[in-house]
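Trainee: Below are the sequence and a predicted model; questions follow.
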Amino acid sequence: MLGSIAQGETTVKGFSNSADCRNTLNAFRKLGIEIEEHSEEELTIHGQGLQGLTCAREIIDVGNSGTTIRLLSGILAAQDFSSTITGDEYLQRRPMRRIILPLRRMGAKISSPDDNHPPLTIVGQKLHPIDYSSPIASAQVKSCILLAGLYAKGRTSVTEPLQSRDHTERMLRYLSAPVEIKGMTISIEGVSKLEARPITIPGDISSASFFIVACLLLKNSEIRIKGVGINPARTGIIDALKKMGGDIEIENLRQICGEPVADLAVKSSSLRATNIGGNLIPRIIDEIPIFALAATQAEGVTEVSDAQELRVKESDRIGNVVSELSNMGALIKEKKDGMVISGKKRLIGSSVNSFADHRMAMTLSIAGLIADGETIINDVGCIDTSFPQFMDTLNRMVE
């Protein structure tokens, strides 16, 4: 996205060839941006500047990507043309009022059939800056407003109740955008242009978390995962697993394009229960399904609280984690905002459902790896949403 609205060529290394990322590429191609793919992990984006996008000749379909639709809305709100963005049946159930309301306060003209869910129709307008207090800690909401703020003359700020992930702020700073951070408030000044710079993308901690937990739970296991992004806003899963007694070492710490990166050395461990909630939740929100699996094998009772945002992810990840791990014999109970997990319960292979949710499918794959007997997971094609190489990588690890 930033490469497309920057001035000049952006070379990208470490690109993920996942469905979400491909849908983002396709969206910007429809908006007139030339993107060259040199390999699965390298590409060049020929940026046309903040006002260089052109009207798409058709509806922009972003598939299952909540990040794409929410962030792209902030950019399209300031263009001089109209756009319609939609997604698959699961994305069409996800709430968009959380971005519609602040964008309207900035002067955007944005609508949907029920004023909440996709498709979104956006008629580009001249935007003005706002000071927005977000009721939720959401990097997608924050990023949407900051990207719209690039186009508004003056200072736009977002204040969150808790810190959410900050990749957008870091990338904007890397591209020399005037971003200021004071406590929970992030501000950006409108600019006339962004200068393109080469970008190297670290390995994804969310993708790594499945292999970290698999290694911790399987006896006599040891892995090293190289070049993983360990942004403090994303390392809640490492903190929680280490608190449980997980043997995880952070090595070779360095900075790449404004992001902290390291190698992770992991060894089999005996885990003990811990409770998570409060400020930790935004830092572990996407990894709670695999964390819950780890808790089923920990000594004691683990409780997850303050995680009601899981209800409106790609699926209801509270209800679905509880139902499917219970089907495999886990002692796990549902709460409105989380779950209670009694550990040290041997899992039994079963037929389980991913609910077309990539993180559910990968969590259940690791559950099947540690369970007795055969596990059949219905619908693993959804894994392509974020990690198309997952099964091949897992098979190589357990050979």
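Mentor: That came in fine, so what should we check first?
Trainee: Pull out the buried positions in the lowest-mean-pLDDT helix or strand in the chain.
Mentor: When the helices and strands of the chain are compared on mean pLDDT, DSSP states H and E, helix 390-398 comes out lowest with a mean of 92. For helix 390-398, a neighbour-count test (16 or more other C-beta atoms under 10 Å) marks Phe390, Leu394 as buried. Backbone N, C-alpha and C define where each C-beta goes, glycine included.
Trainee: Could you find the closest non-adjacent residue to the residue of the chain positioned farthest from its centre?
Mentor: For the chain, the C-alpha farthest from the mean C-alpha position belongs to Gly373; by C-alpha atoms, centre = their mean, that distance is 32.2 Å. Once flanking residues are discounted, Gly373 sits nearest to Gly349: 3.3 Å by C-beta to C-beta, 6 or more residues apart in numbering.
Trainee: do the same with Gln48
Mentor: In space, not counting the residues next to it along the chain, Gln48 is nearest to Ile33; the distance is 6.4 Å by C-beta to C-beta, 6+ apart.
Trainee: cool, Met171 as well?
Mentor: What sits nearest to Met171 in space, not counting adjacent residues and going by C-beta to C-beta, 6+ apart, is Leu2, at 5.9 Å.
Trainee: Pretty sure Leu101 sits in a helix.
Mentor: Yes - per DSSP: H, G, I helix; E, B strand; the rest coil, Leu101 lies within a helix segment.
Trainee: beta partners of Val340?
Mentor: Val340 forms beta bridges with Glu303, Lys333, as assigned by DSSP bridges.
Trainee: Surely it and Val301 touch.
Mentor: Yes - between Val340 and Val301 there is a contact under C-beta atoms under 8 Å: 6.5 Å.
Trainee: Roughly how far does the residue nearest to Gly373 sit from Ala152?
Mentor: Per C-beta to C-beta, to the nearest Å, Gly349 is found 55 Å from Ala152.
Trainee: What residues of the helix or strand hosting Thr24 count as buried?
Mentor: Thr24 is part of helix 19-30 when elements are defined by DSSP states H and E. Using 16+ other C-beta under 10 Å as the test for burial, helix 19-30 gives Ala19, Asp20, Cys21, Arg22, Asn23, Thr24, Leu25, Asn26, Ala27, Phe28, Lys30.
Trainee: Now distance to Asn353 too, for the residues you listed, in TSV please.
Mentor: Formatted as TSV, the buried residues of helix 19-30 follow (distance: C-beta to C-beta, whole Å):
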residue	distance to Asn353
Ala19	20
Asp20	21
Cys21	26
Arg22	25
Asn23	24
Thr24	28
Leu25	30
Asn26	29
Ala27	30
Phe28	34
Lys30	33
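Trainee: List the contacts of stretch 168-186.
Mentor: Stretch 168-186 is contacted from outside by 2, 6, 71, 139, 142-143, 146-147, 150, 157-163, 166, 187-189, 191, 194-197, 199, 231, 257-259, using C-beta atoms under 8 Å, 6 or more residues apart in numbering.
Trainee: For His46, which non-adjacent residue is closest in space?
Mentor: Glu34 (4.3 Å).
Trainee: Can you get me a residue count around the one you found?
Mentor: The number of residues packed near Glu34 is 13, by other C-beta atoms under 10 Å.
Trainee: How much space separates it from Ser83?
Mentor: 19 Å.
Trainee: before we move on, back to that, do I have it right that the residue farthest from the centre of the chain meets Leu347?
Mentor: No - contact criterion C-beta under 8 Å: Gly373 and Leu347 do not qualify, at 9.2 Å.
Trainee: Wait, a strand at Asp88?
Mentor: No - assigned with three-state DSSP, Asp88 falls outside any strand and is coil.
Trainee: for it, what are its contacts?
Mentor: Taking C-beta under 8 Å, 6+ apart, we find Asp88 in contact with Asp61, Gly63, Asn64.
Trainee: ok, back up a step: for the residue nearest to Gln48, grab the count of nearby residues.
Mentor: A count of nearby residues for Ile33, using other C-beta under 10 Å, gives 20.
Trainee: Could you tell me how far it is located from Thr54?
Mentor: 9 Å.
Trainee: neighbours around the residue nearest to Met171, how many?
Mentor: Residues near Leu2, counting by other C-beta under 10 Å, number 22.
Trainee: same question, Thr200
Mentor: If you count neighbours by other C-beta under 10 Å, Thr200 ends up with 15.
Trainee: Name the residues linked to it by a beta bridge.
Mentor: Lys13.
Trainee: Quick one: residues contacting it.
Mentor: Applying C-beta under 8 Å, 6+ apart, the residues contacting Thr200 are Val12, Lys13, Gly14, Ile256, Cys257.
Trainee: which of these lies closest to Asp131?
Mentor: For these, the closest approach to Asp131 (C-beta to C-beta) belongs to Cys257, at 28.9 Å.
Trainee: tell me the contacts of the closest one?
Mentor: Neighbouring residues of Cys257 by C-beta under 8 Å, 6+ apart: Arg170, Met171, Tyr174, Arg197, Ile199, Thr200, Ile201.
Trainee: at 10 Å what do you get?
Mentor: Neighbouring residues of Cys257 by C-beta atoms under 10 Å, 6 or more residues apart in numbering: Lys13, Gly14, Arg170, Met171, Tyr174, Leu175, Arg197, Pro198, Ile199, Thr200, Ile201, Pro202.
Trainee: Could you do Glu34 as well?
Mentor: Contacts for Glu34 (C-beta under 10 Å, 6+ apart) come out as Ser4, Glu9, Phe28, Thr44, Ile45, His46, Gly47, Gln48.
Trainee: What about those residues, which one has the most neighbours?
Mentor: Counting neighbours by other C-beta under 10 Å, Ser4 comes out on top of the contacts of Glu34 with 27 neighbours.
Trainee: Give me the pLDDT value at that one.
Mentor: We note a pLDDT of 98 for Ser4 in this prediction.
Trainee: Doesn't it belong to a helix?
Mentor: Yes - judged by three-state DSSP, Ser4 forms part of a helix.
Trainee: unless I'm mixing things up, the residue farthest from the centre of the chain is touching Ser351, no?
Mentor: No - using C-beta atoms under 10 Å, Gly373 and Ser351 do not qualify as a contacting pair, with a distance of 11.1 Å.
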